[in-house]
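A.B. asks: Below: sequence and its predicted model.
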Amino acid sequence: MTTMIIIDCDVASMLAKVDRIDILIKAFPDANFCITNSVYAELMRAKHAGYSFPDRIFKQLPVITMDRDDLKAFKEISTDSTVQFCQPSTRRSPSAV
């Protein structure tokens, strides 16, 4: 099963500003990435303000929407302390930096 990772606005924006959204794919090669419609709306405000980086995000990350059941599940997950987070496929040791 493929893992879906929802990218928040800050992460997407920072990676797009340095034109490195590809880092996500390198870190999590078996995952699909997307943004939510609320992230899309926030990025559109930046685009309307004259910034070009949102276009890089829109070209590479699809927008998903949540229906009522998805939103309910999200609220349950976000309050569940047992939720596990994905780990990058490879880790570099601090001395390799």
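C.D. replies: Received the coordinates, thanks. Numbers count the residues shown, from 1 in each chain.

A.B. asks: Can you point out the buried residues in the strand or helix carrying residue 16?
C.D. replies: Assignment of secondary structure by DSSP states H and E places residue 16 within helix 9-17. In terms of neighbour count (16 or more other Cβ atoms under 10 Å), helix 9-17 has its buried residues at 9, 11, 12, 13, 15, 16. The C-beta positions use only the backbone N, C-alpha and C, and glycine is treated the same way.

A.B. asks: Make TSV from these and add distance to residue 65 to it.
C.D. replies: As requested, those are exported to TSV (distance: Cβ to Cβ, whole Å):
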residue	distance to residue 65
9	16
11	19
12	17
13	20
15	22
16	21
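
A.B. asks: Mind picking the two most distant members of the residues you listed?
C.D. replies: Farthest-apart pair in those is 9 and 15; separation 11.1 Å (Cβ to Cβ).

A.B. asks: longest strand of the chain?
C.D. replies: With secondary structure taken from DSSP state E, the chain has its longest strand at strand 31-36.

A.B. asks: Kindly export that one (C-alpha atoms) in PDB.
C.D. replies: What follows is the C-alpha trace of strand 31-36 in PDB, where atoms were taken according to Å, rounded to 0.1, in the frame of the first residue of the first chain:
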ATOM      1  CA  ALA A  31       5.000   7.800  -0.800                       C
ATOM      2  CA  ASN A  32       2.600  10.100  -2.700                       C
ATOM      3  CA  PHE A  33       2.500  13.700  -1.700                       C
ATOM      4  CA  CYS A  34      -0.300  16.200  -1.800                       C
ATOM      5  CA  ILE A  35      -1.600  19.400  -0.400                       C
ATOM      6  CA  THR A  36      -5.000  20.200   1.000                       C
END
